[in-house]
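Undergrad: Test case, fold it:
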Amino acid sequence: MFTKPPQAVREAAALSFRVGHLCPQMFTRVAVALPSSRLGMGFVALGLMLVAEFGFVLWLRGLSIKEYLATRDPVSGTVYYVMLAVFAITPLLVARR
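TA: Numbering: from 1, shown residues only. Coordinates of the predicted model:
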């Protein structure tokens, strides 16, 4: 069940490419001009993603949140946390293009 660090980095790179490709298309259709509103959108999306992950994925794996965070290896865990931060601020970054 554990992900090898190089595989986790490849998955994160693929995810960031998809987010970077799809978000500009999505946010050009949404007329939200204020940076605080765009940042709020990112944090709402992050919250919904974490609720889905902690509510469904942990239930499937039979783990608590504490166990889930403790079982991450240092490389993939760091990549995971960085990607969560990028996910949350992507609407703000896309607005600045």
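Undergrad: pLDDT (mean, whole number) over stretch 62-81?
TA: Per-residue pLDDT values over stretch 62-81 give a mean of 81.
Undergrad: separation between A88 and S76?
TA: A88 sits 19 Å away from S76, taking C-beta to C-beta, to the nearest Å as the criterion. Heads up, the C-betas are built off the backbone N, CA and C, glycines and all.
Undergrad: mind checking the SS state of L63?
TA: The three-state label given to L63 by DSSP: H, G, I helix; E, B strand; the rest coil is coil.
Undergrad: Would you confirm that it contacts T71?
TA: Yes - L63 is in contact with T71 according to C-beta atoms under 8 Å; the separation is 7.4 Å.
Undergrad: Comparing the two, which residue is more hemmed in?
TA: Set side by side, L63 and T71 show unequal neighbour counts under other C-beta atoms under 10 Å, the larger going to L63 at 16 against 12.
Undergrad: Neighbours of T90, how many?
TA: Residues within reach of T90, counting by other C-beta under 10 Å, total 24.
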